[in-house]
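Q: Here is a sequence with its predicted model. Questions after.
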Amino acid sequence: MYTLAVCAEMVFRELPIAERARRIHELGFQVEIWDWTRHDLDALARTPAEFSSMTGYIRGRLTDEDGAAELLRTAEESVKAAEHLGCPRLNLHGTGLDGQGLPVVPVAGEATGEMWIAAHRTLTRLAELGENAGLTFTLENLNTAVDHPGVPFARAADTLALVAAVDRPGLRMNLDLYHAQIGEGNLIELIRRAHGAGLIGEIQVADVPGRREPGTGEINYPAVARALVELGYDGTVAMEAWASDDSELALERFRSAFTL
């Protein structure tokens, strides 16, 4: 059976991050964070929380030599931070994102063949870094229509293709169903394809529209949960969603949607 986690950046926002982590843990979930450089890692480590994922880089890009060098350098720093928290997964995107989730270097149009080759080379080096540290880097699909215009390799199909091409245990896909619903839809078939290839490192969820907790929008998450059980998925399902009202209620709605 899968494990449930909650992104501490998006719930209990009136509390300091360490208290958010503690509260999420008390409610029975693992904890995810984003940019670890903005947080007191010692305070987080003192909580009883079990951390499941965090951002795996500070700056950099997959698709050019200078950006890749910076990405790899800051990924090495992120590995040390993950080890401090006992966090097994480090998350990546097609390019660096700013504080508003927008690409630092947006791309106009489709990624070129040269960009695909460069991304494959960079991700292979990241996979090796993860394997040497006993950690897994996960490449997350995003959407360009609402939240992240200009991000290369945003579609789940592209993210899956890159992870499959690298074909290393240190790199897996972070399959974000919120982003996939906006960009592609057909979520259960997407899950089946990615799971069948053995390439899912984690699944993230939020409802559409609004990026709120499951049960507030159009996605039939109980049906998604049934498909995961039928497939035998035993990884992490993480709620990366804003609480529509009360954070504790949002977590209970999440739990309910994924409890069969």
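A: Noted; the coordinates are in hand. Residues are numbered from 1 along each chain as shown.

Q: ok, how many other residues are close to Gly109?
A: 7 (other C-beta atoms under 10 Å). In this view, the C-beta of every residue, glycine as well, is placed from N, C-alpha and C.

Q: Next, give phi and psi for it.
A: Note on Gly109: its backbone torsions stand at phi 80, psi -160 [degrees, to the nearest 10].

Q: Kindly provide the distance from it to Pro149.
A: From Gly109 across to Pro149, the span is 12 Å (C-beta to C-beta, to the nearest Å).

Q: and what of Ala108?
A: Ala108 sits 10 Å away from Pro149, going by C-beta to C-beta.

Q: What of Gly86?
A: Distance of Gly86 to Pro149, given as C-beta to C-beta: 35 Å.

Q: Output the below-cut-off pLDDT ranges for the chain.
A: Within the chain, the segments meeting pLDDT under 70 span 101, 103.

Q: so what's Tyr178 up against?
A: With contact set as C-beta atoms under 8 Å, 6 or more residues apart in numbering, Tyr178 has these partners: 143, 204-208, 211, 219, 240-241.

Q: Among those, find me the one that's closest to His39.
A: Relative to His39, the closest of the contacts of Tyr178 is Glu240; by C-beta to C-beta it sits at 16.5 Å.

Q: Is Phe137 in a helix, a strand, or coil?
A: Following DSSP: H, G, I helix; E, B strand; the rest coil, Phe137 is assigned to strand.

Q: Leaving out the residues flanking it, which one is nearest to Leu126?
A: Phe137 (4.9 Å; C-beta to C-beta, 6 or more residues apart in numbering).

Q: same thing with Ala118?
A: Using C-beta to C-beta, 6+ apart and skipping residues adjacent in sequence, the residue nearest Ala118 is Thr63, 4.8 Å away.

Q: With Ala8 instead?
A: Closest to Ala8 by C-beta to C-beta, 6+ apart is Arg20, at 4.3 Å.

Q: all strands for the stretch 101-250 of the chain, in order.
A: Under the criterion DSSP state E, counting those that start in this stretch, strands of the stretch 101-250 of the chain are mapped to 136-140, 171-176, 200-205, 236-239.

Q: can I get those strands in a markdown table with distance to Glu189?
A: Below are the strands of the stretch 101-250 of the chain laid out as a markdown table (distance: least, C-beta to C-beta, whole Å):
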| stretch | distance to Glu189 |
| --- | --- |
| strand 136-140 | 19 |
| strand 171-176 | 12 |
| strand 200-205 | 14 |
| strand 236-239 | 18 |
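
Q: Between the ones you listed, which one is closest to Ala165.
A: Checking these against Ala165 by C-beta to C-beta gives strand 171-176 as the closest, at 9.9 Å.

Q: So what touches that closest one?
A: Under the contact criterion C-beta under 8 Å, 6+ apart, strand 171-176 has outside partners 53, 89, 91-92, 123-124, 126-127, 130, 136-142, 156, 159-160, 163, 190-191, 194, 199-205, 240.
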